[in-house]
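> here are the coordinates; sequence isn't available:
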């Protein structure tokens, strides 16, 4: 019995013998599919020691990028996947090797997993961030321009005081505009996607005010429509800034936390 563990990248509907995993996995590991006979499911894996990947942050980030690339490559090849998070491992047990345990888990969860995969078929995750340039928000504000003019003619002490007033005015105007834009942008983006989920921005620019940050589940045929909505939002006000990232495997839309094959 093999004592190797299996590192699991994603689950998918068994694509049949004509489709194999593209590319390589973490550390150049060969990728393969573990198929569950009479189940209709498969798992994208590579053989690995039964220990999680650990190392310096930069190395871990590189592994995560490779993980994502492997999952996205399989998504494109097979039409859809249920992605696993980084470091999901199936270890061998006392009476069964890792592959046997993984197949048993696929059989046990067949109906639920196939349902989730059907929802994600031909769909990818895109991330949208809409912010406001706080300076541009008050570009046409006469009071703000007056403060700026006074600052140019003032002593350093008064300039600092006026600078605080200008910052407060810009923040108030940006917050008010963000509130007005949020509901409309969320509604329009939701109409262009199959699902959406709120996200936290990892890094915030002090000169920007957030309108929204979303993950969107979008059908492959709907990406152009989403792009048109984003273009219209970008043009709605000179201060609006749009960031559009993807496609990614649909990590934000895998459903409620499922029992992992690693916990079987």
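That came through, no problem. Given the structure is predicted, the values throughout are model-derived calculations rather than measurements.

> quick one: secondary structure of residue 196?
Three-state assignment for residue 196 (DSSP: H, G, I helix; E, B strand; the rest coil): strand.

> which residues touch it?
By CB atoms under 8 Å, 6 or more residues apart in numbering, the contact list for residue 196 reads 186, 189, 190, 214, 215, 216, 217. All C-beta atoms are positioned from the backbone trio N, CA, C, and that covers glycine.

> domain assignment for the protein?
Split into domains by automatic domain parsing, the chain comes to 5-121, 123-135+174-252.

> please state the offset of the shortest one from the chain centre?
When C-alpha coordinates are averaged (CA atoms, centre = their mean, to the nearest Å), domain 123-135+174-252 and its chain have centres 12 Å apart.

> what of stretch 12-28?
Relative to the centre of its chain, stretch 12-28 is centred 21 Å away, using CA atoms, centre = their mean.

> ends of that stretch, what's the gap?
One end of stretch 12-28 to the other measures 22 Å (CA to CA, to the nearest Å).

> what lies in contact with it?
Here stretch 12-28 makes contact (CB under 8 Å, 6+ apart) with 7, 9, 30-33, 35-36, 39-44, 46, 53, 63, 66-67, 69-70, 73-74, 76-82, 114, 117, 121.

> could you pull out the buried residues of that stretch?
Within stretch 12-28, the residues scored as buried using 16 or more other CB atoms under 10 Å are 12, 13, 14, 15, 21, 25, 26.

> the closest residue to residue 14 other than its chain neighbours: neighbour count?
Nearest non-adjacent residue to residue 14, counting by CB to CB, 6 or more residues apart in numbering: residue 42, 4.4 Å away. Number of residues near residue 42 (other CB atoms under 10 Å) recorded here: 26.

> please point out which parts of stretch 39-50 sit buried.
Neighbour counts using 16+ other CB under 10 Å place 39, 41, 42, 43, 44, 45, 46, 48 of stretch 39-50 among the buried residues.

> what mean pLDDT would you report for it?
Stretch 39-50 shows a mean pLDDT of 94.

> and what of stretch 111-121?
pLDDT averaged over stretch 111-121 gives 94.

> what does that stretch contact?
Taking CB under 8 Å, 6+ apart as the rule, stretch 111-121 contacts 11-13, 40-41, 79-82, 106, 194, 217, 250, 253-255, 258.

> mark which of these are buried, thanks.
Buried among those (16+ other CB under 10 Å): 11-13, 41, 79-82, 106, 217, 250, 253-254.

> so which of these are in helices?
Those of those mapping onto helices are residue 106, per DSSP state H.

> dump the buried ones among the contacts of stretch 111-121 to a markdown table, plus distance to residue 239.
Output for the buried ones among the contacts of stretch 111-121, formatted as a markdown table (distance: CB to CB, whole Å):
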| residue | distance to residue 239 |
| --- | --- |
| 11 | 43 |
| 12 | 43 |
| 13 | 45 |
| 41 | 48 |
| 79 | 40 |
| 80 | 38 |
| 81 | 38 |
| 82 | 39 |
| 106 | 50 |
| 217 | 28 |
| 250 | 31 |
| 253 | 31 |
| 254 | 35 |
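
> list just the nearest of the buried ones among the contacts of stretch 111-121 to residue 92.
residue 106 (16.3 Å; CB to CB).

> for the closest one, which residues are in contact?
Residue 106 is in contact with 11, 36, 39, 41, 42, 43, 113, 261, counting by CB under 8 Å, 6+ apart.

> okay if I get the residues you listed as CSV plus distance to residue 198?
Output for those, formatted as CSV (distance: CB to CB, whole Å):
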residue, distance to residue 198
11, 25
36, 35
39, 34
41, 30
42, 32
43, 30
113, 26
261, 28
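
> nearest to residue 241 among the residues you listed?
residue 11 (36.7 Å).

> what are the ranges of the strands in the protein?
With strands called from DSSP state E, the chain shows them at 5-13, 32-36, 41-48, 82-83, 89-90, 123-133, 195-198, 208-219, 240-248.
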